[in-house]
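Student: I'll drop the sequence and a predicted model, then ask my questions.
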Amino acid sequence: MDLSYGSEYDAFREEVKSFIRSHKHKQPKPGDGIKSQAMRDWQSLLIEHGYHSRTIASEYGGYGAEPDIIKSRIIAEEFGAERVHRGFDGQGVTMLTPVLLEMGTEEQKRAFVEPTIKAEMIWCQGYSEPGAGSDLASLTTKAELDGDEWVINGQKIWTSTAHHADWIFCLVRTEPDAPKHLGISFLLFRMDTPGIEIRPLVDMTGDANFNEVFFTDVRVPKHQIVGQRGQGWQVANAILGHERGSLATPDAAMNRLHGVKRLMREESINGEPIMSNPVFRDRLMKLEGRVLAMQYNDMRLLSAKINKNQDVRLAGMIVKLTGTELRHEIECLGIDVMGEIGLSYGDNPHLRGHGSWQYQYMFYLGLIIGGGTSQIQKNIISERGLGMPKEPKIPSEKSAEKSAKEA
Amino acid sequence: MDLSYGSEYDAFREEVKSFIRSHKHKQPKPGDGIKSQAMRDWQSLLIEHGYHSRTIASEYGGYGAEPDIIKSRIIAEEFGAERVHRGFDGQGVTMLTPVLLEMGTEEQKRAFVEPTIKAEMIWCQGYSEPGAGSDLASLTTKAELDGDEWVINGQKIWTSTAHHADWIFCLVRTEPDAPKHLGISFLLFRMDTPGIEIRPLVDMTGDANFNEVFFTDVRVPKHQIVGQRGQGWQVANAILGHERGSLATPDAAMNRLHGVKRLMREESINGEPIMSNPVFRDRLMKLEGRVLAMQYNDMRLLSAKINKNQDVRLAGMIVKLTGTELRHEIECLGIDVMGEIGLSYGDNPHLRGHGSWQYQYMFYLGLIIGGGTSQIQKNIISERGLGMPKEPKIPSEKSAEKSAKEA
Amino acid sequence: MEFGLSQDQLMLGDSVRKFLASEVPLDTVRQLAAGESDDSSVWQGLADMGLAGLIIPEAHGGAELGMLDAVAIAEALGYAACPGPFLSTAIMSAYLLNAAGATDPLTRMASGEYRVGIAFSDVIGSRKGQVTEADSKLTGQSLFALDATADAYLIGLSDGRVFMIEASELTRSSLSTIDVTQSVCELSFDQSPACHVSSSSELVWQTIHRGRAIQAADTLGAAQYMLDQAVAYSLDRKQFNRVIGSFQAVKHMCAEMASQLEPCRAFAWYAGHAFDESTDEAALTACHAKAHMAEVGQFIAKTSTEVHGGMGFTDLVGLHYWFKRIGFNRQLLGSPEAVRHEAAELEGLC
Amino acid sequence: MEFGLSQDQLMLGDSVRKFLASEVPLDTVRQLAAGESDDSSVWQGLADMGLAGLIIPEAHGGAELGMLDAVAIAEALGYAACPGPFLSTAIMSAYLLNAAGATDPLTRMASGEYRVGIAFSDVIGSRKGQVTEADSKLTGQSLFALDATADAYLIGLSDGRVFMIEASELTRSSLSTIDVTQSVCELSFDQSPACHVSSSSELVWQTIHRGRAIQAADTLGAAQYMLDQAVAYSLDRKQFNRVIGSFQAVKHMCAEMASQLEPCRAFAWYAGHAFDESTDEAALTACHAKAHMAEVGQFIAKTSTEVHGGMGFTDLVGLHYWFKRIGFNRQLLGSPEAVRHEAAELEGLC
């Protein structure tokens, strides 16, 4: 057990600190949108110093460093400690770029990676459909080849930032007769292509964090495909792995737990601070124990990235399920300790923490559901983590009909 | 809403009270076994006054009264209030007698009912097998007809009171080629028949509350069957309904909860009674709310027996699941409030309540499992209570082989 | 012996449910949420059915019914997430005013034209500066008063006295909460003339406990709606070539909801009945019913949303209005922890 | 940066696991349960492997290893439900005696021939008459002392002083608990001559917190055993023509167990490490680890038993010895509620 990063990294940490000190006045301000010049300038500055897109080759616009998990961690720690903007992190950066680098053509890499990481080209993701959520492979949005163009018809849902996006990376069914996982392709196209309609999707928080996107005879050049026809499922799954881990970090959970502690110290009822209520304090301590377990689990996961002999498959697999549920319960405690004030929302002047408690309570319920519901997570943990059998296959209606016809 | 039983029952209640006052000195003492003369005398006395086997026809040894749920309830209330022995209640009385009266031949009724209810003939139940628990219909103990006798081979498990029993009512497979629910028969035979071996089954409480029973070429007269060959499943299911409700009565749960309250008042730590600990008190109150819900639910169930228009299907279906889990948690609180003293067991002189807390904590875990595990209960509630689909059928290996052969 | 709702009560509940199904659809709630309307026309409709005067004596134009009737109605209102001041005007204020002999406003309350809100925070647990009284003039602030558009308010002081004050005599600002169907506001008084109604601490608590029993029933109805919707959605929605309601995980989620919820029905009924019979344990039962239903409701609100998957998170099916109503009932008039503490006090355990 | 067990620690854990698998089978526990043997031969075997002297300095014949090593071993001991005074003699007494400079008994303790039990109930929370001291003579009773067959005991007084007393100088009676693998007893003193060891309240609490970290690791191991058994049983047992492990309900029960348990592994490691590094939060971490693991352990003990169906309830598979070991660890050296309260105190929250 050695929790230090080693003296060779001390110099690097100093370098990061020094950068932050001298440059943090240039970071985007709260109001600056993802398309503002301030955001783009900051993004370029970060890449230039190796604090963003650090390991992406310089020929594609990145910094071109060797992967070093500890350096990445140090960057995250220092930016986090100083609450300095980490740079633009949209789905184009986190999800599309890795896949392009792995499976894109040289032409695609050159065309898309640099503008994407520099926040000059904003992407949205077109995966989920109203009828294909947990069962993503059942998607029905279809693309038919008509000469040199794909003609796309169908609907996507849960498309965040669709209204800001310049481009979309999108799963569509191109081989209707193939088995369902093998009939999907991965297309890239502009969001201003005729035939695309965006409808904001208001959720329980009252915000439109997501959109529905409708495609009617949307025509897309044939070559804007990543991988081969029918390979879209593998391409998408390579990216999905990237998404799930980041939904519930234990450090954020601990920050929120400290927020509950502050609330309990500051709020009083009948002149007594809530912290003096042993029932709430016991709930707080229970949650703290659970957050600590997740924090040490997270250190173990980090360690396994550096020390290749450590097996953390199960430890990684449970993070999304456990982390989102835990976070939901922390937000719940924050509400409960406030009593009726905990109900405040919107423009209520008695809001604590800008209304974040109720908002996060709902938003984390959304995260429990999104990115693989808790039920899907439990399937994965039991099957891939514990070696238990898959759900027995129920014959699809189509194949049932087919075999009925053949019989 | 009318919670009184009506004035016409006041006289009946007085009658019961008066019986108890004048006869309770005759009840069996704690040491008296189920085969003691004291037990048999008490049993006969109860039947004679209509406080046991009340609605069983007098020609079969019962009291011969019309069914009256309120009178039954009054009897239960008064005996319960005075903590007077309710009479022998073995599986022969509660499970076999109703089925004999419904499905037995006249000869069987005359032969078995009277000695059974008078505790002169003790029964045990032979249903479960090591390979057939939740899936009872998969039982493999077989009975083959050899002349005028069934020849039984196989094994039963969870057979309580097997070592005291004179007779067994037993499910055996008599039609090996029939579909599994249709190949079972319901046999009655003496426990001293050659070829029967009883092995006590020690459980986690340390007691042998159950037994394993092994059959090797046990020969049983052909006519000792209830119902027709292959009808055993229906016969057994008629009885199973009787068993499940009685596992978790809310009144018993409330008694135990009051026991926890006494413990919390009497036990102290560092000179402070446990009751002054707000965390335990909150848990106590939470459980009390849940017990109250079950008590009022129980009143609703009673009411529906009297008032035929009330629909309580779901309210009845959830009792076993909810009641056993609740009871397990009450016992757990009893242990927790005692700290280390809560660990006491066996001959430990610091036992509280004769060690009942740990014992019941384990025993109720057994009941959560027994009589239909919580998983089976949830299947039933969702399917029969909420109208959700049954688990899709997985072809049995046998039939899979069969269709493979046919193909 | 008959435990349950009478034929009349069943019919009353049914007629309210039918009215709400046709007259208070989800769109009503959405309009409220969008600030495009208030709850006045819904309330007038309910008043026309006799709900505003439900427990008001016939002599004052009411139906003179009891708390069990009110419970049956509250369940129906919760099931529809129906807006309006049933809890504050029709139950709490009507009960208190009548019991205190301040019967003047009752007739107008029964007709639905006059709404009397409830500001009892100082009694239940005060946050900051309490309301003070001198010469029948109130000064201070009252937070989270029930009904943001009432014509008058009953103000509960920390010593248990109750004053009534016209809305015109105070400064009022509406407070946004998660639940748009139940309005609350902040009241400010500055030497505001008020009318003494009662000095009985017992009476104000009796009023609060009645309110809690009604909240329990309201949450029961809202939770039943969410369970019904979860089952229906699971039988409609397909994934992996099956309706999701055929997956054991989803079935068991629904079974767990039903197992927790079903006994609450009898509990809520008894809580209402206990007031009608003035049984000793009426207050205790109301505390337990409120706290227990809050916990069960929270579980069902979350679980039903999960069964709905992403749809449950969106506004498309509107499920979240019920989620929030359950959350609102949980915190108002005493959180579960606070109410359980009161229950323990009522039992003499602390 | 490396978070986890070192190569040496992994090998140590493995060798203990192998030893236990071959030398301490379930039969050993059954014999203990039947009163047919005591834990002395098992303990000698563990001592021969160096476990009795694990944290004792080399100068006194020990291995001079740390708390993280001890955690790795405790996990293995819990996994096997292994009897013996590892917690009391090898960890708590060895640590306290060495830290207090009372090093005389250490060599004999390291060899396994001398066992020093722990009687700290008066420190953690006294039940009745506390032990009093006058002129180095003890009078009173100590309940639930760890190790019913120790050669001597460390007695913690409510003021934090610690005395050591030979078993021959006191009256001892063994106390039955649910867990046959960890023995406890009641000690009675009547002017019994004892030896002053320490007056440092800080030291006695440091000892208790170390014990708690070890208990957490022990429960981790026991719970891991129960999870492993549940998965294995579910893949073997058939009902309705399927292994029960193919039912989603059973799969999800196992997934929930794994989800709660897996992070506890890193937690237990860190709890050991925090003592080795003497970090400020070592005591707090130990409290949290003990309380959290007690809750997770209880969930797994129940759920694994349920997955086993009736078999889990019987003695046939012996699963209940682990169920009870987890229950024992929950209550001894502070219940979860008590330990969480201490954690809040350590953080200055109350």
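Tutor: Sure thing, it's come through.
Student: am I right that A:Ser4 is in contact with D:Glu2?
Tutor: No: taking contacts as CB atoms under 8 Å, A:Ser4 lies outside contact range of D:Glu2: 9.7 Å. C-betas here are computed from N, CA, C, even on glycine.
Student: what about these two, which has more around it?
Tutor: The residue with the greater number of neighbours, taking A:Ser4 and D:Glu2 and applying other CB atoms under 10 Å in any protein chain shown, is D:Glu2; the counts read 15 against 9.
Student: how about the longest strand anywhere in chain A: buried residues?
Tutor: Ranked by number of residues, the top strand in chain A under DSSP state E is strand A:210-221. Within strand A:210-221, the residues that count as buried by 16 or more other CB atoms under 10 Å in any protein chain shown are A:210-215, A:218-220.
Student: now swap in stretch A:184-193 and tell me
Tutor: Within stretch A:184-193, the residues that count as buried by 16+ other CB under 10 Å are A:184-189, A:191.
Student: which one of these is nearest to B:Ala38?
Tutor: A:Ile184 (78.1 Å; CB to CB).
Student: hmm, the closest one is touching A:Arg173, no?
Tutor: Yes: using CB under 8 Å as the test, A:Ile184 is close enough to A:Arg173 to be in contact (5.8 Å).
Student: spit out the residues that contact those two alike.
Tutor: With contacts defined as CB atoms under 8 Å, 6 or more residues apart in numbering or on different chains, the residues adjacent to both A:Ile184 and A:Arg173 are A:Leu139.
Student: OK, contacts around residue 221?
Tutor: Just so you know, I chose chain A. Contacts here follow CB under 8 Å, 6+ apart; on that basis A:Pro221 touches A:148-150.
Student: chain C, not that one
Tutor: When contacts are taken as CB under 8 Å, 6+ apart, C:Gly221 is in contact with C:74-80.
Student: from the contacts of A:Pro221, which would you call buried?
Tutor: Buried subset of the contacts of A:Pro221 (neighbour count, 16+ other CB under 10 Å): A:Trp150.
Student: what about the helices in the stretch 51-200 of chain A?
Tutor: Counting by DSSP state H, counting those that start in this stretch, the segments of the stretch 51-200 of chain A that form helices are A:69-81, A:91, A:97-103, A:106-117.
Student: also the stretch 1-150 of chain C?
Tutor: Across the stretch 1-150 of chain C, reading from the start of the chain, the helices by DSSP H, counting those that start in this stretch fall at C:7-23, C:26-33, C:40-48, C:67-79, C:94-99, C:106-111, C:121-124.
Student: closest one to chain D among these?
Tutor: Ranking the helices of the stretch 1-150 of chain C by proximity to chain D (CB to the nearest CB) places helix C:121-124 first, at 24.1 Å.
Student: write out the residues of chain A neighbouring chain B.
Tutor: Residues of chain A lying close to chain B (CB under 8 Å from any CB of the partner chain) are A:277-279, A:282, A:392, A:394.
Student: give me the buried entries from the residues you listed.
Tutor: A:277-279, A:282.
Student: and these, which is closest to chain D?
Tutor: Looking across those and measuring by CB to the nearest CB, the closest to chain D is A:Asp282, at 5.6 Å.
Student: and the pLDDT at the residue of chain C most remote from its centre?
Tutor: No residue in chain C has its C-alpha farther from the mean C-alpha position than C:Asn241, which lies at 41.8 Å (CA atoms, centre = their mean). In this prediction, C:Asn241 carries a pLDDT score of 86.
Student: what's the answer for C:Leu235, then?
Tutor: With respect to pLDDT, C:Leu235 has a value of 97.
Student: could you list the low-pLDDT ranges of chain C?
Tutor: Regions of chain C meeting the criterion pLDDT under 70 cover residues C:129.
Student: just to revisit the earlier point, TSV please, covering the helices of the stretch 1-150 of chain C and showing distance to D:Glu58 and mean neighbour count.
Tutor: Shown next, in TSV, are those (distance: least, CB to CB, whole Å; neighbours: other CB atoms under 10 Å in any protein chain shown):
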stretch	distance to D:Glu58	mean neighbour count
helix C:7-23	80	15
helix C:26-33	73	16
helix C:40-48	82	18
helix C:67-79	71	27
helix C:94-99	79	22
helix C:106-111	86	21
helix C:121-124	65	24
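Student: save these as JSON lines, and put in distance to chain B too.
Tutor: Listed next are those as JSON lines, based on distance: least, CB to the nearest CB, whole Å:
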{"stretch": "helix C:7-23", "distance to chain B": "8"}
{"stretch": "helix C:26-33", "distance to chain B": "23"}
{"stretch": "helix C:40-48", "distance to chain B": "24"}
{"stretch": "helix C:67-79", "distance to chain B": "6"}
{"stretch": "helix C:94-99", "distance to chain B": "19"}
{"stretch": "helix C:106-111", "distance to chain B": "24"}
{"stretch": "helix C:121-124", "distance to chain B": "17"}
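Student: could the ones you listed go into a markdown table alongside distance to D:His196?
Tutor: Conversion of the helices of the stretch 1-150 of chain C to a markdown table gives the following (distance: least, CB to CB, whole Å):
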| stretch | distance to D:His196 |
| --- | --- |
| helix C:7-23 | 76 |
| helix C:26-33 | 73 |
| helix C:40-48 | 78 |
| helix C:67-79 | 67 |
| helix C:94-99 | 68 |
| helix C:106-111 | 78 |
| helix C:121-124 | 55 |
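Student: nearest to chain A among those would be which one?
Tutor: Each of those has some distance to chain A by CB to the nearest CB; the shortest is helix C:121-124, at 7.0 Å.
Student: list the helices and strands the closest one packs on?
Tutor: Judged by 3 or more CB pairs under 8 Å, 6 or more residues apart in numbering or on different chains; DSSP states H and E, helix C:121-124 is in contact with strand C:137-146, strand C:152-156, helix C:201-236.
Student: show me the contact partners of it.
Tutor: With CB under 8 Å, 6+ apart as the test, helix C:121-124 has contacts from A:340, C:127, C:130-131, C:142-145, C:155-158, C:160, C:204-205, C:208, C:333-334, C:338.
Student: change it to 10 Å
Tutor: Helix C:121-124 has contacts (CB atoms under 10 Å, 6 or more residues apart in numbering or on different chains) with A:269-270, A:339-341, C:127, C:129-132, C:140-146, C:155-162, C:186-187, C:201, C:204-205, C:207-208, C:332-335, C:338-339, C:342.
Student: taking the stretch 301-407 of chain A, what residue is nearest to chain C?
Tutor: Nearest residue of the stretch 301-407 of chain A to chain C, counting by CB to the nearest CB: A:Gly346, 3.6 Å away.
Student: and the closest residue to that residue other than its chain neighbours, its phi and psi?
Tutor: Once flanking residues are discounted, A:Gly346 sits nearest to C:Ser176: 3.6 Å by CB to CB, 6 or more residues apart in numbering or on different chains. When read as degrees, to the nearest 10, the backbone of C:Ser176 gives phi -70, psi 130.
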